[in-house]
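Participant: Compute the structure for the input listed below.
(chains A and B)
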Protein chains: 2
Amino acid sequence: YGTKVVKKELARWLVMGLIGVITALVACLIDVMVQLTSKMKYDVIAQYVDECVMGYCMAEPFLLWVALNAGIVLFGGILVAYVEPVSAGSGIPQIKCYLNGVLIPHVVRLKTLVCKVVGVICAVAGGLIVGKEGPMIHSGAVVAAGISQGRTDAFHLDFRIFEYFRSDHEKRDFVSAGAAAGVSAAFGAPVGGVLFSLEEGASFWNQALTWRIFFASMISSFTLNIVQSYISGHPWELSSPGLFNFGKFENISYSGLEIPIFILMGIIGGLLGALFNHINYSLSMYRKKYIDRKWMRVVEVMLVAGVSGAIAFVIIFFNNDCEPTRSDFESSAVQFFCVDGQYSATAAVLFQTPEESVKHLFHDQAGTYKPITLALFCIATFFLACWTYGLSIPSGLFIPGLLIGAIWGRLFGMCLQLLFQQLMSSWADPGKYSLIGASAQLGGIVRMTISLTVIIMEASGNITFGLPIMIVLMIAKWVGDIFNEGIYDMHVHLQEVPILGWEPPDMSSNISAAEVMSHPVSAFRTVESVGRLVDVLKKETHNGFPVVEDYDPSDDNDSEEIGRSFGTFCGTILRSQLIVLLKMKVFNENDDRIKLLQKLQLKDFRDSYPRFPPIQQIHISSNERDCTVDLRPFMNPAAYTVSDCASFSRVFRLFRALGLRHLIVVNKEHKVIGVVTRKDLSRYRISQHAGKISVSEMPFSHG
Amino acid sequence: YGTKVVKKELARWLVMGLIGVITALVACLIDVMVQLTSKMKYDVIAQYVDECVMGYCMAEPFLLWVALNAGIVLFGGILVAYVEPVSAGSGIPQIKCYLNGVLIPHVVRLKTLVCKVVGVICAVAGGLIVGKEGPMIHSGAVVAAGISQGRTDAFHLDFRIFEYFRSDHEKRDFVSAGAAAGVSAAFGAPVGGVLFSLEEGASFWNQALTWRIFFASMISSFTLNIVQSYISGHPWELSSPGLFNFGKFENISYSGLEIPIFILMGIIGGLLGALFNHINYSLSMYRKKYIDRKWMRVVEVMLVAGVSGAIAFVIIFFNNDCEPTRSDFESSAVQFFCVDGQYSATAAVLFQTPEESVKHLFHDQAGTYKPITLALFCIATFFLACWTYGLSIPSGLFIPGLLIGAIWGRLFGMCLQLLFQQLMSSWADPGKYSLIGASAQLGGIVRMTISLTVIIMEASGNITFGLPIMIVLMIAKWVGDIFNEGIYDMHVHLQEVPILGWEPPDMSSNISAAEVMSHPVSAFRTVESVGRLVDVLKKETHNGFPVVEDYDPSDDNDSEEIGRSFGTFCGTILRSQLIVLLKMKVFNENDDRIKLLQKLQLKDFRDSYPRFPPIQQIHISSNERDCTVDLRPFMNPAAYTVSDCASFSRVFRLFRALGLRHLIVVNKEHKVIGVVTRKDLSRYRISQHAGKISVSEMPFSHG
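Facilitator: Residues are numbered from 1 along each chain as shown, chains lettered A, B, ... in the order given. As a prediction, the model looks like this:
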């Protein structure tokens, strides 16, 4: 027995390591492909521009840019709309639901991964204001789910390894590690990755699990760095500043007296973030209502990509901010409409992927951009990013958020410099304000807390700035929370998913379990007829059912009556177990029942995980309907129950802490009187904004 | 109602901020006092040495050093031994227990704080191999407990503020914030502080709480930095590298090819750490048995301090490692027995506090020390530190651990350089190996994981080295765990405290609740006689009791029988509630019972928190013994219960996730058959080392 435990433990570490390596390789693939394709696109356009500046045929590169953008995203849009709609967006809301215990179909399938990877490459290369970070996180989660289960249904491959990890509980642990590895690969932030997965998903902090997640995260960052050190031509040089996602911030400093300025920036970030979320929410509601055909979604994606290209071109054309060429600019210094010996500063930020723009805004020295360029760029980016998130294409929100903030942050720094020229000579670095602005804006949009702080610290390779970053994120979250909630939560609610918050709603201690529970209950007797099992399974969508004694289902005509009980509680049984029992025909009347029972192993329950055949596919003859099944050997006799007078908040804590999906409510006589499910708990949302309290019932999709 | 919630929420943030500020100020006080007193001591000794080098009276400074050390620690030793014994050591094991839900008396009292602060100043200034970091963390916890309760019993002061935080649950949340603020102040590591408090204490990750803890932690680091920026003469210059606790590591790099070297160092750290823990454990067992008088403890402290001074002197005297004076050395360059124009490199590390030695080892350039100096220093430090931890004086273990590792790490780097002179030119920085060695050694001793990684990263101001630090900590923990457990856990077990681990023991799913529960149970009837209440409360030490129906206590002669039940479960009631009821004489036979009930408010239960009078102090006349109390209005009718067939692991998870202290076990008829307490759960320890599994029953102190 001991060696079995050790073996399982080793397998767990091995799987974590594999998750890290493969997630990093997927991230590298995305990264390299995005760079290659966008370089190709921009090279072609630049060539046309160079030709046309002379020949006065500016419409040609313009149309080419628009057409290229639309053409590239067309591919991604089709993939998402027709092949796997769940791969749209950043995937973070979906992962959040998954880790919270709500299973959204297809979220961790191989098909989703493929669509996500190809789609995000198209999205970034197609000139949309999106990042590849969110999709990388989702990819990590899919990789984790796949590896830990040791099989993929897409190719009907079952490697017959890691079979002991085939349970919701184990799989969820691995998926959190995958998400952490994804963050780690996306931002080079292993600690931030762990915190992300805890902040977004965990309900129970477990030291051993956290340590394994950290391992996956670290391996991911290590693998990525090694691959990148080879790509950049300095193999194994892991401390190279070039490996930092935001470029390394060095030799910049701040004074404690700047804190009020940072607080002001935090407020701006919070306000702009709330505005962003508000607009995006309205757009998403509109989209949900009117853009309901697949082709319409694809057309919208193409439209946004085209408009993004067109706006960029127009800004570059009319705001021809030419600066003398400098030695610290190489790759991205494009001449565009400038005379020889000068480059277009506007094109330097617009004529590249959003991620590169962010890096430039962070690190270009003072005086690189004219204020008007930045102002135009800021407005355009804000609205385009708002429009883009929620499109039917994979799209990360981190980079757009950072970009908007980096632009207005830099602008803010330039204004400060103009206003207090004398006083602030030492504070003048615009890159610093750009970083703070980026943090404020992103914080105002996503409302993440400690994990975002650490991610930004790690991605910028700077610990000194931890304090100001924390402050702006804190302020931005406070200000934003006055108006609305974080964008991921918004999109979770748009999907009408019964997700549970961190704490029970405020006044929930006055509500009792009896008031929230579902009633009547479909209970099974300890020895139940096959006919009734099949009928109930077909009628109900629940995952768990109570098993009871002293209960006669034929009395059910008065079952709506409150306080009606359904027999003495004996245990619970899962839908999946019942289906396996029916499929294997473990009926009492069957002559070879003993043999069947011996043959029936954990393996039978495990093999069909996680996709049990629906009850409709189980063939039961009318003779068999009269047979009976003894549920006692299979039921869980020690399932958690709760008294009917327990408060809502008590029930909530039990769900949240133990990750329950259903809980049986019993009365004083230990008789079943109801069932509480996640939907019952999340139905009532008691929201509190600016001192006002409102109670609302949420709609939920059924399925 | 809404404004009340908002007010409480604001108060919560305010308290968090105050905790941060005051913890940082306490830390500053400790810091400044340690520097002043140790500077005075070393100045006096240096003066004598200078005089005696000429006069050949070396015995004088030797005896002076020994006497000064012993004299200074005498004061601290007396304080701890006679005033508050719980303030000895680092306090981390005690905080760990507190956060785990085990209340150790006096841990968060003001008296403890005073003894801790004065004691640690004496300990460091008295030349013991200790750090001030652990005590700073404990101080933070005490500060948090004091502020959040708005009163101190030491001066009988009650500010009548924050009364709504007077409950175990709220207080524990604030204490975790205090511990985080302590780490933040001790190492300048706000993120590390949050992770520390999660890793050591939390059982349930809560986003809002974590965010508040982070706030306290940040305010603490901010306050400390501002005070320190004033002390160092650069007011408000918060990004100064001088603020990093380990000094800022810049311009050092590493290659991926060094990873195997780091792994080797991790193994060494794990082995040495396990050895350290083993020796310390044996010493502590010996101490517990034989050094049982207060004066003996004080004498031992003086002995260790004297020996520490003596050994340092002897090493400096016989290993007179003289180096030419350089410009980068100022304050600590003592001449000692060297000729003019030279300084003693041995004295440079031995003739100062351990913390300063660590910084020197991290940052002194290559060639500063002779290998023999380091080797002698390493051996001496290792055994002295082993002897010191567990003495009756406040003493942190972080700095000793780092110091031992920094010495052998530097030695290791020097050996590597000799061996592979050509190959390793770029890897040659001894400070780097010193840092890695320090991490490995500390990791091998304390076995912390992600929090230690982040603390070291933040304290050294370097993110690049995150990866190697993680690797060595991981390896050191793995290697160390083969032999024994972390030193904090060891000391927790030495105190025989029923602490719960992270996960239920491996084979616990085969053990049922009925097997671990306490039996028989002292249950109360819904209407119970005062006499029986008093008798049971005097006899039993439990904190919670089941309230039942259909139970006759006079049947108890056969109560030992297994399976015997104690009436139908109705709810639970706490000892503290019963004591208040008895004290207020809320008896059914009392004529003014209705008036009493109306007068009886939450306040009466809250005011006596956390120190309820013992039952012996409640005066009950013999007439009153025949009265009865109706427990139904006060009991908790929705207390969690568990079925007798629930598995050990299920019960464990319930305790761990919900922070329970007792759980009623009921049978199928919902009748009480037993109670599970933390002691029952932690009694059986199933340990697994190197594939072997052993089950042992732990001894627990009663009280």
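Participant: what about the nearest residue to A:Gln149 once chain neighbours are set aside, how many neighbours?
Facilitator: Distance criterion CB to CB, 6 or more residues apart in numbering or on different chains; nearest residue to A:Gln149, sequence neighbours excluded, is A:Arg166 at 6.0 Å. In this view, the C-beta of every residue, glycine as well, is placed from N, C-alpha and C. A:Arg166 is flanked by 20 other residues according to other CB atoms under 10 Å in any protein chain shown.
Participant: what does A:Val534 give?
Facilitator: 19.
Participant: name the element it belongs to?
Facilitator: helix A:530-539 (DSSP states H and E).
Participant: If we go by neighbour counts, what in that helix is buried?
Facilitator: Within helix A:530-539, the residues that count as buried by 16 or more other CB atoms under 10 Å in any protein chain shown are A:Val530, A:Arg532, A:Leu533, A:Val534, A:Val536, A:Leu537.
Participant: Distance from it to the middle of the chain?
Facilitator: Mean-position distance between helix A:530-539 and its chain equals 37 Å (CA atoms, centre = their mean, to the nearest Å).
Participant: anything in the helix or strand harbouring A:Leu467 near chain B?
Facilitator: According to DSSP H and E, A:Leu467 maps onto helix A:466-483. Yes. Under the criterion of CB under 8 Å from any CB of the partner chain, chain B is reached by helix A:466-483 at A:Gly466, A:Leu467, A:Met470, A:Ile471, A:Met474.
Participant: Tabulate the buried residues of helix A:530-539 (a markdown table), appending distance to A:Arg656 and pLDDT.
Facilitator: Output for the buried residues of helix A:530-539, formatted as a markdown table (distance: CB to CB, whole Å; pLDDT from 0 to 100):
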| residue | distance to A:Arg656 | pLDDT |
| --- | --- | --- |
| A:Val530 | 37 | 87 |
| A:Arg532 | 34 | 88 |
| A:Leu533 | 31 | 87 |
| A:Val534 | 34 | 87 |
| A:Val536 | 29 | 86 |
| A:Leu537 | 28 | 85 |
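Participant: avg pLDDT for stretch A:148-156?
Facilitator: On average, the pLDDT along stretch A:148-156 is 72.
Participant: Kindly report the same for stretch A:646-655.
Facilitator: 81.
Participant: now do stretch A:479-497
Facilitator: pLDDT averaged over stretch A:479-497 gives 88.
Participant: now the end-to-end length of that stretch.
Facilitator: For stretch A:479-497, the first-to-last residue distance is 26 Å (CA to CA, to the nearest Å).
Participant: Show me what it is in contact with.
Facilitator: Applying CB atoms under 8 Å, 6 or more residues apart in numbering or on different chains, the set of residues contacting stretch A:479-497 from outside is A:89-90, A:92-93, A:96-97, A:102, A:104, A:200, A:266-267, A:269-271, A:273-274, A:276-278, A:280-281, A:284-285, A:288, A:389-390, A:397, A:443-448, A:499, A:689-690, A:698-701.
Participant: can we see that at 7 Å?
Facilitator: Stretch A:479-497 has contacts (CB atoms under 7 Å, 6 or more residues apart in numbering or on different chains) with A:92-93, A:96-97, A:102, A:104, A:267, A:270-271, A:273-274, A:277-278, A:280-281, A:284, A:288, A:397, A:444-447, A:499, A:689-690, A:699-701.
Participant: next one: it to chain centre, how far?
Facilitator: 13 Å.
Participant: Can you classify A:His234 by secondary structure?
Facilitator: coil (DSSP: H, G, I helix; E, B strand; the rest coil).
Participant: give me the number of residues near it?
Facilitator: A:His234 has 14 neighbouring residues, counting by other CB under 10 Å.
Participant: Please apply the same query to A:Pro371.
Facilitator: By other CB under 10 Å, 13 other residues sit near A:Pro371.
Participant: now it: how far from A:Ser576?
Facilitator: 62 Å (CB to CB, to the nearest Å).
Participant: go on, A:Leu63?
Facilitator: The gap separating A:Leu63 from A:Ser576 is 56 Å, by CB to CB.
Participant: contacting residues around the helix or strand harbouring A:Thr112?
Facilitator: Assigned by DSSP H and E, A:Thr112 belongs to helix A:110-125. Applying CB under 7 Å, 6+ apart, the external contacts of helix A:110-125 come out as A:26, A:29-30, A:33-34, A:37-38, A:41, A:72-73, A:75-76, A:79-80, A:83-84, A:86-87, A:91, A:106, A:130, A:132, A:135, A:138-139, A:142, A:146, A:152, A:154, A:353, A:393-395.
Participant: right, and the helix or strand after it?
Facilitator: helix A:133-149.
Participant: Who are the packing partners of that next one?
Facilitator: helix A:2-55, helix A:92-100, helix A:110-125, helix A:168-187, helix A:398-419 (3 or more CB pairs under 7 Å, 6 or more residues apart in numbering or on different chains; DSSP states H and E).
Participant: could I get the ones you listed as a markdown table with mean neighbour count?
Facilitator: Shown next, in a markdown table, are these (neighbours: other CB atoms under 10 Å in any protein chain shown):
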| stretch | mean neighbour count |
| --- | --- |
| helix A:2-55 | 18 |
| helix A:92-100 | 24 |
| helix A:110-125 | 25 |
| helix A:168-187 | 28 |
| helix A:398-419 | 25 |
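Participant: Out of these, which gets nearest to B:Arg683?
Facilitator: Relative to B:Arg683, the nearest member of these by CB to CB is helix A:2-55, separated by 21.1 Å.
Participant: re the thing from before, can you say which of the contacts of stretch A:479-497 are buried?
Facilitator: Among these, the ones that count as buried by 16+ other CB under 10 Å are A:92-93, A:96-97, A:102, A:267, A:270-271, A:273-274, A:277, A:280-281, A:284, A:397, A:444-447, A:499.
Participant: Residue numbers of the stretch 401-550 of chain A in contact with chain B?
Facilitator: A:449-450, A:454, A:458, A:461, A:463-464, A:466-467, A:470, A:474, A:502-503, A:506 (CB under 7 Å from any CB of the partner chain).
Participant: Identify the farthest-apart pair in those residues.
Facilitator: Between any two of these (CB to CB), the greatest distance is 41.2 Å, for A:Gly461 and A:Asp506.
Participant: more neighbours, these two?
Facilitator: A:Gly461 (22 against 18).
Participant: wait, doesn't the more buried one sit right on A:Phe249?
Facilitator: Yes. Applying CB atoms under 7 Å, one finds A:Gly461 in contact with A:Phe249, separated by 6.4 Å.
Participant: Touching, A:Leu473 and A:Val454? I think so.
Facilitator: No. With contact defined as CB under 7 Å, A:Leu473 does not reach A:Val454; the gap is 10.5 Å.
Participant: Spatially central residue in chain A, please.
Facilitator: A:Ile92 (0.8 Å; CA atoms, centre = their mean).
Participant: residues contacting it?
Facilitator: Shown in contact with A:Ile92 (CB under 7 Å, 6+ apart): A:Gly134, A:Ile137, A:Tyr488.
Participant: what about the first one, distance to A:Lys477?
Facilitator: By that I understand A:Gly134. Going from A:Gly134 to A:Lys477 by CB to CB gives 19 Å.
Participant: quick one, what contacts the residue of the stretch 301-450 of chain A found nearest chain B?
Facilitator: Of the stretch 301-450 of chain A, the residue with the smallest distance to chain B, taken as CB to the nearest CB, is A:Thr449 at 4.5 Å. Contacts here follow CB under 7 Å, 6+ apart; on that basis A:Thr449 touches A:Glu199, A:Leu473, A:Lys477, B:Gln207, B:Trp211, B:Phe214.
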